[in-house]
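Q: Got a sequence here, can you model it:
(2 chains)
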There are 2 protein chains.
Amino acid sequence: MPDQRPVDRPTLEAVAARAGVSRATASRVVNGGDGVRAHLVEKVQVAIRDLGYVPNPAARTLVTRRTGAVAVIIPEPEIRIFSDPFFSRQVRGISRELTANDTQLVLLLVEDRGDYDRIERYLAGGHVDGALAFSLHTDDPLPAIVRRIGMPTVYGGRPGWTSGPGEPGEPDGEVAYVDADNRAGAREAVRYLLTRGRERIAHIAGPLDQTSAADRLSGYRDVLPQADPELVAEGDFTVAGGARAMAELLDRRPGIDAVFAANDLMATGALRVLRERGRTVPDDVAVVGFDDAELVAETADPPLTTVRQDIEGMGHMMAGLLLETLGSGGRGGRPAPGPVITSTELVRRVSA
Amino acid sequence: MPDQRPVDRPTLEAVAARAGVSRATASRVVNGGDGVRAHLVEKVQVAIRDLGYVPNPAARTLVTRRTGAVAVIIPEPEIRIFSDPFFSRQVRGISRELTANDTQLVLLLVEDRGDYDRIERYLAGGHVDGALAFSLHTDDPLPAIVRRIGMPTVYGGRPGWTSGPGEPGEPDGEVAYVDADNRAGAREAVRYLLTRGRERIAHIAGPLDQTSAADRLSGYRDVLPQADPELVAEGDFTVAGGARAMAELLDRRPGIDAVFAANDLMATGALRVLRERGRTVPDDVAVVGFDDAELVAETADPPLTTVRQDIEGMGHMMAGLLLETLGSGGRGGRPAPGPVITSTELVRRVSA
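A: Sure thing, here's the model as predicted:
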């Protein structure tokens, strides 16, 4: 019969004894080593390694007022999170930066609005030091929640929510966020299609309650202010949504000779419908996507010309901004408000 | 300038006053309502709703010794977690069951072994009441960690790890787990290929340090104990790994007329290589997968015959077992040891 008792864990006293230092010195090393001479820090660290000591995190939290964990919140159904490589790349960028700073990433899924009460309890419960949130919609309750509980938060994507102190639809002036220059990226895509001689350029927009989708549509309109409104259809950032929008557009305006889709997944849905309807890409209809997400744009048939954004890098920056705040201001700190905007780049492949 | 102070939160005292009950009664309702008459429970609940009261979770934890959160740990690179629909379906099953019980799902990513120190600190820190872990490999340190800290844990997949008290490779007799009958499912797949007149049936195995892969290989060998060992190649449960294994098998034994792959993703990799080498499926080579995972088997070209396992249901059962334990035994409880095994079902499509 196996032993069912938990194995005894080495204590801080055992670490101190092995290192030949006082318990207070050992404790200071465990909590960062401030004010301890380097050779003693090293002795304690060796003892920690030798004994396999793990600090009691509850006690550690009392000293440092930190949990060493950061929540990542993505208010999308898990089916989207797991099927759109945008999310995994953003999470990867976040994860790498947090790991490099020995901080635990805690992913919280939000399937529907009813989940927010529970998420608020969890966030308010002192289980994480801060939060990173992305893919918010304009009516998302999360910004009001993190403001109410004073949780340091960095957002992915320009805020467009209406629960802030500003007017509905206005950006919340006090938040920290990282975004790509969606509008400039969209302009570049549409201008490129124009230079290739395309004359009836349609746009498959993302869900317009997300600023990334709204900004890409604005970029399209910047270049084609007179475009026929029937040349724009709203998708939902999924393959199926892109296919539906493409079918709609072809039904409305069969003469379309180019499509700019607001993300790569919708562009692949469009490619499928164009193939089914006997249009060749790029000869009959040129297609440009957005994201250059892993395993989508490059492996599409034909490979997609697309607007690359540095998705992983943005995740990295979000985490970095938050950690900076937590490092300087402690738990009550608030990230410096305002945007960090990254540039985009047009990647030319076969589809346009 | 927007107001930067966190909004004042309603207190328990305010709830009690509004409901016209004592603070003690209000507190009992917040913590489950035991021993409080139904009409008072309702009064307090109305007051909670009206005021938008959120319990102070730290205080609540002191009373109930619960965080209301459960960790889900998947020791796979996030690139695999986000690209294999098996993971999202298992997480969905878990998520639905936890949500139905007002329990927060906290997903912890494990990119490499170095992450385990941090995960141990997080788990030991009292931030979750229990853990669900799946896709473990035989040398995974997680089982030893959760035993050491006494964390109630339910596993997905038959334990095969060597860090338990048993002999290396022996299952750990004291753990609770949920699995599909992988061996019987594999036998059914191979027998089906035999009934279709196939004579040189190859197997693309998963990584053999996972019991799901080892058990499916055992099922293949149960039916074909005399099979040429060169007809088995090890993949890694990814599309690319399946493609590599298929290429290897065709190089070694060009006369193969059927392949049983240990999951659908590897089967789609095999389909691609067979097409590239000019073999038609199913006429030249029949292909059977395993999982019947969303958006893979059904949409493969041609659609895959596969062994369906109830992935979402298994996630549901894992969460249910853990919640049962937490409900009865409290934080120190241990799930009843032993397996819950679900049956599989052969789903016939075009590929075999």
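
Q: what sits up against the helix or strand A:Tyr192 falls within?
A: Following DSSP states H and E, the helix or strand that holds A:Tyr192 is helix A:182-195. When contacts are defined by Cβ atoms under 8 Å, 6 or more residues apart in numbering or on different chains, helix A:182-195 is touched by residues A:158, A:201, A:203, A:211-212, A:215-220, A:222-224, A:258, A:260, A:262, A:286, A:288, A:290, A:305, A:307, A:309, A:343-344, A:346, A:348, A:352. C-beta: built from backbone N, CA, C; applies to glycine.

Q: What residues sit buried inside it?
A: A:Asn182, A:Arg183, A:Ala184, A:Gly185, A:Ala186, A:Arg187, A:Glu188, A:Ala189, A:Val190, A:Tyr192, A:Leu193 (16 or more other Cβ atoms under 10 Å in any protein chain shown).

Q: in terms of contact, does A:Asp284 touch A:Ala258 like I think?
A: No. Assessed by Cβ atoms under 8 Å, A:Asp284 is found out of contact with A:Ala258, at 9.8 Å.

Q: Which one's more surrounded, the two?
A: The residue with more neighbours, out of A:Asp284 and A:Ala258, is A:Ala258; 26 against 13, by other Cβ atoms under 10 Å in any protein chain shown.

Q: tell me which helix or strand of chain A sits lowest on mean pLDDT?
A: Taking mean pLDDT, DSSP states H and E as the measure, the helix or strand of chain A with the lowest value is helix A:57-64, at a mean of 50.

Q: so after it, what's the next helix or strand?
A: Helix A:57-64 is succeeded, C-terminally, by strand A:69-74 (DSSP H and E).

Q: close to chain B, is the helix or strand following that next one?
A: Going down the chain from strand A:69-74, the next helix or strand is helix A:78-83, by DSSP H and E. Yes. Shown here: helix A:78-83 in contact with chain B (Cβ under 8 Å from any Cβ of the partner chain) through A:Glu78, A:Ile79, A:Ile81, A:Phe82, A:Ser83.

Q: Likewise for stretch A:37-53?
A: No. Judged by Cβ under 8 Å from any Cβ, stretch A:37-53 makes no contact with chain B; its nearest approach is 9.4 Å.

Q: Pull the number of nearby residues for A:Leu40.
A: Quick note: A:Leu40 (other Cβ under 10 Å) scores 18 neighbours.

Q: no wait, A:Arg216
A: For A:Arg216, using other Cβ under 10 Å, the count is 30.

Q: which SSE is it in?
A: Using DSSP H and E, the element containing A:Arg216 is helix A:211-223.

Q: Below-threshold pLDDT in the stretch 1-150 of chain A: ranges please.
A: The model of the stretch 1-150 of chain A has pLDDT under 70 over residues A:1-9, A:31-34, A:54-65.

Q: Mind doing that once more with 50?
A: In the predicted model, the stretch 1-150 of chain A carries pLDDT under 50 at residues A:1-7, A:57-59, A:61-62.

Q: what does the stretch 251-352 of chain A have sitting close to chain B?
A: So the stretch 251-352 of chain A meets chain B at A:Leu295, A:Arg334 (Cβ under 8 Å from any Cβ).

Q: how about the strands in chain A?
A: Secondary structure of chain A by DSSP state E: the strands cover A:69-74, A:104-109, A:130-134, A:153-156, A:176-180, A:201-205, A:232-234, A:258-261, A:286-291, A:305-308, A:338-342, A:345-347.

Q: from those, which stretch is densest packed?
A: strand A:258-261 (a mean of 31; mean count of other Cβ atoms under 10 Å in any protein chain shown).

Q: How far off centre is that strand?
A: When C-alpha coordinates are averaged (Cα atoms, centre = their mean, to the nearest Å), strand A:258-261 and its chain have centres 24 Å apart.

Q: Residues touching it, excluding its own?
A: A:186, A:189-190, A:193, A:196, A:198, A:200-204, A:220, A:235, A:242, A:246, A:249, A:267, A:270, A:285-290, A:352.

Q: neighbours around A:Ile48, how many?
A: Residues contacting A:Ile48 under the criterion other Cβ under 10 Å number 20.

Q: actually A:Gly114, not the one I typed
A: 10.

Q: ok, it to chain B distance?
A: A:Gly114 is 8 Å from chain B, where distance means Cβ to the nearest Cβ, to the nearest Å.

Q: returning to what we had before: wait, which of the buried residues of helix A:182-195 is closest to chain B?
A: A:Asn182 (22.7 Å; Cβ to the nearest Cβ).

Q: Pull up the gap between the closest one and A:Pro335, please.
A: To A:Pro335, A:Asn182 is 21 Å away according to Cβ to Cβ, to the nearest Å.

Q: ok, now A:Leu108?
A: Look at A:Leu108 and A:Pro335: by Cβ to Cβ, they are 19 Å apart.

Q: Would you confirm that A:Ala69 contacts A:Gly125?
A: No. A:Ala69 is beyond contact range of A:Gly125, at 11.6 Å (criterion: Cβ under 8 Å).

Q: Could you report the separation of A:Arg66 from A:Gln45?
A: 19 Å.

Q: no wait, A:Pro335
A: A:Pro335 is 31 Å from A:Gln45, by Cβ to Cβ.

Q: Of those two, which one has the most company?
A: Neighbour count, other Cβ under 10 Å: between A:Pro335 and A:Gln45, A:Pro335 has more, with 22 against 15.

Q: which residues pair with the nearest residue to the more buried one once chain neighbours are set aside across the strands?
A: Excluding the flanking residues, the one nearest A:Pro335 by Cβ to Cβ, 6 or more residues apart in numbering or on different chains is A:Ala176, at 3.5 Å. Beta-bridge partners for A:Ala176, by DSSP bridges, are A:Val154, A:Gly338.

Q: What score does A:Ala176 have for pLDDT?
A: Here, the pLDDT recorded for A:Ala176 equals 93.

Q: what does the one 5 residues further on give?
A: Reported pLDDT at A:Asp181 in the predicted model: 97.

Q: do the same with A:Ala270
A: 97.

Q: quick one: contacts for it?
A: With contacts defined as Cβ under 8 Å, 6+ apart, A:Ala270 is in contact with A:Ile204, A:Gly242, A:Ala243, A:Ala245, A:Met246, A:Val259, A:Ala261, A:Val287.

Q: what do you get for A:Asp292?
A: A:Asp264, A:Glu298, A:Thr306, A:Val307, A:Arg308, A:Gln309, A:Val347.

Q: Quick check, the residue nearest to A:Pro335 in contact with A:Tyr155.
A: Yes. If you go by Cβ under 8 Å, A:Ala176 and A:Tyr155 touch, sitting 6.9 Å apart.

Q: Dump the buried residues of helix A:182-195 to a markdown table, plus distance to A:Val21.
A: Output for the buried residues of helix A:182-195, formatted as a markdown table (distance: Cβ to Cβ, whole Å):
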| residue | distance to A:Val21 |
| --- | --- |
| A:Asn182 | 55 |
| A:Arg183 | 58 |
| A:Ala184 | 57 |
| A:Gly185 | 56 |
| A:Ala186 | 60 |
| A:Arg187 | 62 |
| A:Glu188 | 60 |
| A:Ala189 | 62 |
| A:Val190 | 66 |
| A:Tyr192 | 65 |
| A:Leu193 | 68 |
